[in-house]
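**Student:** what follows is a predicted protein model with its sequence.
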Amino acid sequence: MTRRSSARSLAGLAVLLAATTAFTAPPRAASVVPPRGTAVVEEAVNIDWRVLAGLDYSNGKATDTLKKLEGKLVRIPGFVVPLDDFQEEGAEFLLVPYYGACVHTPPPPPNQIVMVAMDGKKAVKLNLFDAVWMSGRLKISSVESPYGTVGYQLDGLKVEPYSSK
């Protein structure tokens, strides 16, 4: 076999290979349904108080970013304020951006206060002095509290000690 016929054979083989692969069916997409008995874990979105400030509490209008978080699982850093003085545990409390807010000072604006109700009325330790990460489902909803008007509600799922992670 000469070099020229060898090159033609290789070229013909390449054309044949290209033609057959062009008409093969594409592979099927992998199933996105989890196996039976396993739960889909939703990842909480970390948000900060600047995002929550996107609510204009005078007219109830929210930024597009904030609207997209409605009903989503979020994680917010903050400080706990019990609804009753000297309460050490509770299933309902306020979350605020800084230590001491609402206690002996004028309260923050409504877009800087979150009313938390723990899922299943599960009581958690309420320590005024420690920063926490609060996870739960966010609702943009005005509520009256003993400390003033609140701009948000959170169906609380988890309270963790604060870390910068």
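**Tutor:** That came through fine.

**Student:** list the buried ones in stretch 130-141?
**Tutor:** Within stretch 130-141, the residues that count as buried by 16 or more other C-beta atoms under 10 Å are 132-138, 140. C-beta: built from backbone N, CA, C; applies to glycine.

**Student:** what does it contact?
**Tutor:** Outside of stretch 130-141, the residues within contact range by C-beta atoms under 8 Å, 6 or more residues apart in numbering are 44, 55, 62, 66-67, 69-80, 95, 99, 114, 116, 119, 151-163.

**Student:** using a markdown table, lay out the buried residues of stretch 130-141 together with pLDDT and secondary structure.
**Tutor:** Formatted as a markdown table, the buried residues of stretch 130-141 follow (pLDDT from 0 to 100; DSSP: H, G, I helix; E, B strand; the rest coil):
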| residue | pLDDT | secondary structure |
| --- | --- | --- |
| V132 | 96 | strand |
| W133 | 96 | strand |
| M134 | 97 | strand |
| S135 | 97 | strand |
| G136 | 97 | strand |
| R137 | 97 | strand |
| L138 | 98 | strand |
| I140 | 96 | strand |
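
**Student:** for T105, state which of these is nearest.
**Tutor:** Minimum distance to T105 across these is 19.7 Å, recorded for V132 (C-beta to C-beta).

**Student:** now the closest one: how far from D56?
**Tutor:** According to C-beta to C-beta, to the nearest Å, V132 stands 27 Å off from D56.

**Student:** closest to P109 among the buried residues of stretch 130-141?
**Tutor:** Of all the buried residues of stretch 130-141, P109 sits closest to I140, with 14.2 Å by C-beta to C-beta.

**Student:** please name the bridge partners of the closest residue to K158 other than its chain neighbours.
**Tutor:** Spatially, and ignoring its direct neighbours in sequence, K158 is nearest to S135 (4.2 Å; C-beta to C-beta, 6 or more residues apart in numbering). With DSSP bridges as the criterion, S135 is bridged to R75, K158.

**Student:** equivalent analysis for the one 10 residues further on, please.
**Tutor:** Assessed by DSSP bridges, S145 has beta-bridge partners G148.

**Student:** list the contacts of it.
**Tutor:** Per C-beta under 8 Å, 6+ apart, neighbours of S145: 83, 94, 113, 115.

**Student:** tally of neighbours for the nearest residue to the second one once chain neighbours are set aside?
**Tutor:** The spatially closest residue to L94, leaving aside those adjacent along the chain, is V81, at 4.1 Å (C-beta to C-beta, 6+ apart). Under the neighbour criterion other C-beta atoms under 10 Å, V81 is assigned a count of 23.
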